[in-house]
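Colleague: Need a 3D model of the sequence below.
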Amino acid sequence: MKVKKMLVTCATLLSAGLICTTIGCAEKGRCRWIVHDMSRPRPPVVTPGEQPGQPPSGAIVLFDGKDASQWVSNKDGGPVRWKVENGYMEVVKETGDIRTKQSFGDCRLHIEWATPARVNGSGQDTGNSGVFLMSNYEVQILDSYSSKTYADGQAAALYGRRPPSVNACRPPGQWQSFDIIFHRPIFKGGKVRRRATFTVLHNGVLVHDHYELPGGTGWRGPHAISEYEEHPDKLPILLQDHDSAVRFRNIWLVELP
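Modeller: Got it, this is the predicted structure:
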């Protein structure tokens, strides 16, 4: 069908109060614009990072390798006690978790990390840390290249809830990346009305695809996994001190509508 004839057909159907679903609408049930309508608003322009993994324009840079000014100690809200040098931030044992000064809800988070090059211990004692969305929902960081542990506690697991679909780990000491698309839970009247969802790419490999999280994440011990507990719409992102010298770099975030 030629474009002119298509436009005339759609205009006729719309003027008659009909829904033009086949050739007149880009999205079924939404007929504000016809297909290829030049008056339809175009998406805003975003400049991508110069290199893959670099923040696009409009991103919130949480760590650029120079200082930890966007973070505070989760113990007391004071300055971060982790080591910052050579473009990375490194966990210092027993100094405690750190959290962002800002709070976030729905977001896309990029974070790069490396476990120690020298492997000491086994299982959960090999480069253990974690990134917690809204300070509550953990994506596990661990050396899972060859070390074995329980599946829902290995690298890229939604801790205690769901193993990654594949093991995409690089060898210890090498830089790795998470790209996390997170939609927060929605509460009403003290109950969860919409569960949180995670899409996670580990080193560019999809390991969770819009997974609906059943509840909180946690260890089966004193901080056992639980059902959802109501919390604010935005909370800080938290990085874990688990007594291992895990390094972090190039951390940035884009808030989602």
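Colleague: so who does Lys101 touch?
Modeller: Residues counted as contacts of Lys101 (Cβ atoms under 8 Å, 6 or more residues apart in numbering) are Gln70, Trp71, Val72, Pro236. Every C-beta, even on glycine, is put in place using the N, C-alpha and C of the backbone.
Colleague: hmm, 6 Å instead?
Modeller: For Lys101, the contact set (Cβ atoms under 6 Å, 6 or more residues apart in numbering) comprises Gln70, Val72.
Colleague: do Arg195 as well
Modeller: Contact analysis of Arg195 by Cβ under 6 Å, 6+ apart lists Pro185, Glu212, Leu213.
Colleague: Please name the nearest non-neighbouring residue to the last one.
Modeller: Meaning Leu213. Among residues not flanking Leu213 along the chain, Ala196 sits closest, at 4.6 Å (Cβ to Cβ, 6 or more residues apart in numbering).
Colleague: domains of this structure?
Modeller: Segmentation of the chain into domains, based on automatic domain parsing, reads 1-42, 60-255.
Colleague: Around the nearest residue to Ile98 once chain neighbours are set aside, count how many other residues there are.
Modeller: Counting by Cβ to Cβ, 6+ apart, Trp71 is the residue found nearest to Ile98 once chain neighbours are left out, at 4.7 Å. Other residues near Trp71 come to 25 when the count uses other Cβ atoms under 10 Å.
Colleague: which residues does Trp71 form a beta bridge with?
Modeller: Judged by DSSP bridges, the bridge partners of Trp71 are Thr100.
Colleague: And the helices in the stretch 1-150 of the chain?
Modeller: Listed in chain order, the helices of the stretch 1-150 of the chain (DSSP state H, counting those that start in this stretch) span residues 3-15.
Colleague: picking up where we left off before, just name the closest of the contacts of Arg195 to Asp152, please.
Modeller: Leu213 (12.2 Å; Cβ to Cβ).
Colleague: Can you dump the C-alpha atoms of stretch 174-181 in CSV for me?
Modeller: C-alpha atoms of stretch 174-181 as CSV (Å, rounded to 0.1, in the frame of the first residue of the first chain):
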residue,chain,number,x,y,z
GLN,A,174,40.7,-9.6,36.3
TRP,A,175,38.2,-6.8,36.0
GLN,A,176,34.6,-7.9,35.6
SER,A,177,31.3,-5.9,35.1
PHE,A,178,27.7,-6.0,36.1
ASP,A,179,25.0,-4.1,34.2
ILE,A,180,21.9,-4.2,36.3
ILE,A,181,18.4,-3.0,35.3
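Colleague: That one: which residues count as buried?
Modeller: By neighbour count, with 16 or more other Cβ atoms under 10 Å as the criterion, the buried positions of stretch 174-181 are Gln176, Ser177, Phe178, Asp179, Ile180, Ile181.
Colleague: dump the residue contacts of the third one.
Modeller: Just to be clear, that refers to Phe178. When contacts are counted by Cβ under 6 Å, 6+ apart, Phe178 is found next to Ile111.
Colleague: Also the fourth one?
Modeller: Going by Cβ under 6 Å, 6+ apart, Asp179 touches His110, Leu201.
Colleague: Centre-most residue in this structure?
Modeller: Most central in the chain under Cα atoms, centre = their mean is Ile180, positioned 2.4 Å from the mean C-alpha point.
Colleague: In contact with that residue: list those residues for me.
Modeller: Counting by Cβ under 6 Å, 6+ apart, Ile180 makes contact with Leu109, Val200.
Colleague: Could you list everything it pairs with in the sheet?
Modeller: With DSSP bridges as the criterion, the beta-bridge partners of Ile180 are Leu109, Val200.
Colleague: Distance check, it against Lys93.
Modeller: Using Cβ to Cβ, to the nearest Å, one gets 26 Å for the distance from Ile180 to Lys93.
Colleague: now do Pro52
Modeller: 32 Å.
Colleague: Tell me the buried residues in stretch 106-124?
Modeller: Along stretch 106-124, these residues count as buried under the neighbour rule (16+ other Cβ under 10 Å): 106-116, 119, 124.
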